[in-house]
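> Below: sequence and its predicted model.
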Amino acid sequence: MEIDPFIFRLSIFILSIFIGYYVVWSVTPSLHTPLMSVTNAISSVIIVGAIIAALAGSSKMVFETSNIFGFLAIILAAVNIFGGFLVTQRMLQMYKKKKK
Amino acid sequence: MSANLSALFYLISGILFILALRGLSSPETSRQGNYFGIAGMAIAIIVTFLSVGNFGIGLIYVLIFLIIGGSIGAFIAFRIPMTAMPELVAGFHSLVGLAAVFVAISAFLKPEAFNLGIAGNIKIASLIEMSLGAAIGAITFSGSIIAFLKLRGIMSGSPITFKGQHVINLLLGLAIFLLIGYLCVSQSSNIFWTLVLISFLVGVLLIIPIGGADMPVVISMLNSYSGWAAAGIGFTLENTALIITGALVGSSGAILSYIMCKGMNRSFFNVILGGWGATEQSSNLRSKEQKPVKSGNSDDAAFLMKNASSVIIVPGYGMAVAQAQHALREMVDALKKNGVKVSYAIHPVAGRMPGHMNVLLAEANVPYDEVFELEEINNDFANCDVAYVIGANDVTNPVAKSDPQSPIYGMPVLDVEKSKSVLFVKRSLSPGYAGIDNDLFYRDNTLMLFADAKKMTEDIIKSL
């Protein structure tokens, strides 16, 4: 009997939770704020779904209802991607060591 | 691009995201980590374009919207003051949540585009995944909006509670599951819309009873939700990058919530069910008798610190409110010139989000190797001459160690009272968020400095 592809995805998901668990525990507490902003940025990879939604359908009907939701999601996710990574970068630039 | 090849590229971007988080294990590697994250995102977006393969007019619109959103995001990222970071993060969470809802709606309206069957006959598994994604996304959205309004001060930070609140939340939560079940049977779009609306409502109801100082837990929790929403959508789209990311973000937020709850010695449910500040206020009534307090001015403080050999600074949310971090660093510079050893002690729940104080100190050019966590520095108070408490309160209250009756009993606190003298900058003797009197105010070795945190620090610099 063949294994349902869902099971593979579920395996990836559960293993990733474990990876996340160990990786996040090793994050130094002083970087918890950048951790939140960067997780925010990477969770905007949901833009992948938004792009598929926006480009679905024929080229004559660019703005069907489902496309419009896709376009709106693109804007929201793009705000997050650029905002999230840039603000993280800005914060990380500030963490400096003592001058010797 | 073939589906197999794009799946491999999505896996690469997932791995880059893991490395992005891994980089945060130390400030040196963190910047490189952020570049990994950006690379992962770029790969995911480009691969999506290639695998959709539709290079018509739609693509131009996609790029336009991408640029519009990106410019808004970049503008916000450069302009936002560091003190506003908690509300920025809450605001960003709401966007992820809403984007998840929109993608789910789109998938529901046009399942063909995502290979999920046809409208009115969507695969049951996909339907469950997308409705879970939509529901969690909607809760994340409205919950984060409330958190944003509270952090921004547009909405009062005090908990909003009413009778039967928990019962209503429970019923609405059950309703979400029943609706998902019914949706699978009926495939009706009305059910889907109802589901989304109820989830928006749950998000609001979930966050309004939680008070301002519990925001670190709330933000972490919403962070976690935004991850689970992304994972739900990832299952719908059968996209590995989204599934991996969703799992990473979900567990990251969950761990942060756990750390924050531990920092307050409260259970997660205790925080989520809310109303701490509201219910425990009776406890400060019994200690209302007048106790003697020593207060001083900036000259006294300057004199004490100048003649000390070591000083520990304890910053809290009040420092963020007064924007006193720059003045504080100048004061420390002046002290260092006098040969005083200075370090900073940060309580896990100081401020309004995890790591809030660290970012503010970094902004003021405080080297991160002078900043210590509670466990690292707590023993040093006994050997320190002066503790300078600026904008912190409950996290220094010795009652947490001595009085089992106190609502904060058992919460890990900084042993500030063990230092030879304590300088406590505060505007008045009013109790902190937990509504309890701070025993520290009345100790013999405490000198209260009644003033705004920034003003007092600046005055001390003048006197030094």
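Arrived safely. Only a predicted model underlies this, so the values are computations on that prediction, with no experimental measurement involved. Residues are numbered from 1 along each chain as shown, chains lettered A, B, ... in the order given.
> Determine which residue lies closest to the centroid of chain A.
Nearest to the geometric centre of chain A sits residue A:43, at 2.1 Å (CA atoms, centre = their mean).
> Relative to chain B, how far out is it?
To chain B, residue A:43 is 5 Å away according to CB to the nearest CB, to the nearest Å. Just so you know, the C-beta spots here come from the backbone N, C-alpha and C atoms, and that holds for glycine as well.
> That residue contacts residue B:245, correct?
Yes: because the distance of 5.8 Å satisfies CB atoms under 8 Å, residue A:43 is recorded as touching residue B:245.
> What residues sit buried inside the longest helix along chain A?
Criterion DSSP state H: the longest helix present in chain A is helix A:65-94. For helix A:65-94, a neighbour-count test (16 or more other CB atoms under 10 Å in any protein chain shown) marks A:66-92, A:94 as buried.
> ok, now stretch A:18-37?
A:19-20, A:23-24, A:27-37.
> Get me the contact residues on the stretch 101-250 of chain B for chain A.
B:102-103, B:105-107, B:109-110, B:112-114, B:125, B:219-220, B:223, B:226-227, B:230-231, B:233-250 (CB under 8 Å from any CB of the partner chain).
> remind me which residues of the chain are low pLDDT?
All of this is about chain A. Within chain A, the stretches with pLDDT under 70 are A:58-62, A:98-100.
> I was thinking of chain B, sorry if that wasn't clear
Using pLDDT under 70, chain B drops low at B:274-290, B:432-435.
> Name the residue most distant from the centre of it?
residue B:56 (41.4 Å).
> where does it fall, phi/psi-wise?
When read as degrees, to the nearest 10, the backbone of residue B:56 gives phi -80, psi -160.
> Check residue B:446 too.
phi -100, psi 130.
> what do you get for residue B:423?
Dihedral angles of residue B:423 (phi, psi; degrees, to the nearest 10) stand at phi -100, psi 120.
> Same check on residue B:267?
phi -80, psi 160.
> got the buried residues for the top helix by length along chain B?
Ordering each helix of chain B by length in residues (DSSP H) puts helix B:124-152 first. Using 16+ other CB under 10 Å as the test for burial, helix B:124-152 gives B:126-151.
> So what touches whichever helix or strand comes after it?
Later in the chain than helix B:124-152, the nearest helix or strand by DSSP states H and E is helix B:165-186. For helix B:165-186, contacts defined as CB atoms under 8 Å, 6 or more residues apart in numbering or on different chains pick out B:124, B:127-128, B:131-132, B:135, B:188, B:191-192, B:194-195, B:198-199, B:201-202, B:205-206, B:209, B:273.
> can you pull the contacts of residue B:349?
B:213, B:216, B:260, B:263-264, B:395.
> ok, 7 Å please
B:216, B:260, B:263-264, B:395 (CB atoms under 7 Å, 6 or more residues apart in numbering or on different chains).
> quick one: which of these sit in helices?
In this view, the contacts of residue B:349 that belong to helices under DSSP H are B:216, B:260, B:263.
> Highest neighbour count among those?
Of all the ones in helices among the contacts of residue B:349, the most densely surrounded is residue B:216 (27 neighbours; neighbours counted as other CB atoms under 10 Å in any protein chain shown).
> OK, contacts around that residue?
Per CB under 7 Å, 6+ apart, neighbours of residue B:216: B:260, B:349, B:352-354.
> Pick the one among these closest to chain A.
residue B:354 (3.5 Å; CB to the nearest CB).
> and the closest one, helix, strand or coil?
Under the three-state scheme (DSSP: H, G, I helix; E, B strand; the rest coil), residue B:354 adopts coil.
> ok, the closest residue to it other than its chain neighbours - contacts?
Of all residues not flanking residue B:354 in the chain, residue A:32 sits nearest, at 3.5 Å (CB to CB, 6 or more residues apart in numbering or on different chains). Going by CB under 7 Å, 6+ apart, residue A:32 touches B:256, B:354-355.
> got it, and residue B:456?
Per CB under 7 Å, 6+ apart, neighbours of residue B:456: B:298, B:425, B:449.
> quick revisit: please list the members of the buried residues of stretch A:18-37 that lie in helices.
A:19-20, A:23-24, A:32-37.
> Columns distance to residue A:5 on top of these, output as CSV?
Listed next are these as CSV, based on distance: CB to CB, whole Å:
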residue, distance to residue A:5
A:19, 21
A:20, 22
A:23, 26
A:24, 28
A:32, 36
A:33, 38
A:34, 36
A:35, 32
A:36, 33
A:37, 34
